[in-house]
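S.K.: Please work out how this folds:
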Amino acid sequence: MTREICERLGLKAGSKLDFELLPDGTVRLRPADRTALSNMGMLKRPGQRPVSIEEMGEGIAAFVERKARAEAAMMGIDRAMRSVAGKSVVSLVHMQGFHGR
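M.R.: Presented below is the predicted three-dimensional model:
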């Protein structure tokens, strides 16, 4: 590696490097420093707008709420299945009010 590249990347003897192979065959080389600031933007996708901390919090809260609702619904189904265990199909159909319509 040339001296110019090492200086530009702030590399010293023994520095660790990250390599990333891009879809077009290009190799991206970066110093492997793992500070929070060095990782900034690593999840950005082309055309994606930046998201504020508030929006992240709202998105996480919405996900947690959806997951809790889904789990609650599954628990309800599980309880319903246990409550009808052992009953005949005829009695279940009659309980639901199905009359062949």
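S.K.: Next, residue 5: secondary structure please.
M.R.: The three-state assignment at residue 5 reads helix, by DSSP: H, G, I helix; E, B strand; the rest coil.
S.K.: what's the answer for residue 18, then?
M.R.: strand.
S.K.: Return the distance of it relative to residue 27.
M.R.: According to C-beta to C-beta, to the nearest Å, residue 18 and residue 27 sit 11 Å apart. Quick note: C-beta positions are derived from backbone N, CA and C, even for glycine.
S.K.: and these two? which has more neighbours close in?
M.R.: residue 18 (12 against 8; other C-beta atoms under 10 Å).
S.K.: Who does that one form a beta bridge with?
M.R.: Beta-bridge partners for residue 18, by DSSP bridges, are residue 30.
S.K.: Verify the contact between it and residue 11 for me.
M.R.: No. Contact criterion C-beta atoms under 8 Å: residue 18 and residue 11 do not qualify, at 11.8 Å.
S.K.: hey, what's in contact with both of those two?
M.R.: Common neighbours of residue 18 and residue 11 (criterion: C-beta atoms under 8 Å, 6 or more residues apart in numbering): residue 31.
S.K.: what sits against the closest residue to residue 21 other than its chain neighbours?
M.R.: Of all residues beyond its chain neighbours, the one nearest residue 21 is residue 27 (5.8 Å), with distances taken as C-beta to C-beta, 6 or more residues apart in numbering. Residues near residue 27 by C-beta under 8 Å, 6+ apart: 19, 20, 21.
S.K.: Torsion angles phi and psi at residue 27?
M.R.: phi -110, psi 130 (degrees, to the nearest 10).
S.K.: Count the residues that sit near residue 29.
M.R.: 13.
S.K.: wouldn't it be in contact with residue 15 here?
M.R.: No. Residue 29 is beyond contact range of residue 15, at 11.1 Å (criterion: C-beta under 8 Å).
S.K.: Which neighbours do these two have in common?
M.R.: With C-beta under 8 Å, 6+ apart as the test, residue 29 and residue 15 both reach residue 9.
S.K.: what about the helix or strand containing residue 77, average pLDDT?
M.R.: Using DSSP states H and E, residue 77 sits in helix 53-84. Averaged across helix 53-84, the pLDDT comes to 81.
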